[in-house]
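1. After the sequence you'll find the predicted model.
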Amino acid sequence: AALLNAELLQGRPYDKPFQYRHLGSMASLTTGAAVVDLGGLRAEDRHFAFRGLPAWLAWRSAYLTRLGSLRNRANTALNWLTSLLLGRDTSRW
C-alpha cells in the first residue's frame, strides 16, 4: 500500500498487474478435527496435506495470527478454552 501511495502521489501510474497466489486451504470440521492442504493450484506444485488434531491446531493458530490485536487474540483463545471445558451453552452454569 505504501508503494502504491508513493507512486500515485508522484503522479506516476501504478501498472503492476494483480497476481493471485494460492496459499492453500484450511477447514475446521469440529472440535479436534480439521483438514489442511497447503500448496499451489497447479498439479506440479508441491502440496502438504494433513488432517485430524494437528490440522485443527494449525487452523486455530492460523486464525489467531490473523486477528488484529493482542486483546482480540486473548479474548478469542479464552472463549475457545471455556467452550472446550464448559461446552458452548454456558447459560446452565
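-> Sure, I can see it.

2. going forward, measure contacts and count neighbours with C-alpha atoms only.
-> Will do.

3. how about the residue lying farthest from the centre of the chain, what does it touch?
-> In the chain, the residue that sits farthest from the middle, by C-alpha atoms, centre = their mean, is residue 11; the gap is 35.8 Å. With C-alpha atoms under 8 Å, 6 or more residues apart in numbering as the criterion, no residue contacts residue 11.

4. Show me which parts of the helix or strand containing residue 71 are buried, residue by residue.
-> Element membership for residue 71 (DSSP states H and E) is helix 70-86. Of the residues in helix 70-86, 73, 80 count as buried by neighbour count, 16 or more other C-alpha atoms under 10 Å.

5. and that helix, what does it pack onto?
-> On a contact count with 3 or more C-alpha pairs under 8 Å, 6 or more residues apart in numbering; DSSP states H and E, helix 70-86 meets helix 53-66.

6. hmm, who's touching the helix it packs on?
-> 26, 27, 28, 31, 32, 33, 34, 35, 36, 73, 76, 77.

7. still on that earlier bit, and the angle for the helix holding residue 71 with helix 53-66?
-> 150 degrees (axes from the mean of the first three to the mean of the last three C-alpha atoms, to 10 degrees).

8. How far does helix 70-86 sit from its chain's centre?
-> Relative to the chain's own centre, helix 70-86 is displaced by 16 Å; criterion: C-alpha atoms, centre = their mean, to the nearest Å.

9. now swap in stretch 15-35 and tell me
-> For stretch 15-35, the separation from the chain centroid amounts to 7 Å (computed by C-alpha atoms, centre = their mean).

10. and the next element down the chain from the least confident helix or strand in the chain by mean pLDDT?
-> Ranking every helix and strand in the chain by mean pLDDT, DSSP states H and E puts helix 2-9 at the bottom, with a mean of 75. Following helix 2-9 in sequence order, the next helix or strand is strand 24-30 (DSSP H and E).

11. May I have that following strand as PDB, with CA atoms only?
-> Below are the C-alpha coordinates for strand 24-30, written out as PDB (Å, rounded to 0.1, in the frame of the first residue of the first chain):
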ATOM      1  CA  GLY A  24      -3.700 -23.400   0.400                       C
ATOM      2  CA  SER A  25      -7.000 -24.300   2.100                       C
ATOM      3  CA  MET A  26      -7.800 -24.900   5.700                       C
ATOM      4  CA  ALA A  27     -11.200 -26.100   7.200                       C
ATOM      5  CA  SER A  28     -12.200 -26.800  10.800                       C
ATOM      6  CA  LEU A  29     -14.700 -29.600  10.900                       C
ATOM      7  CA  THR A  30     -15.500 -30.000  14.500                       C
END
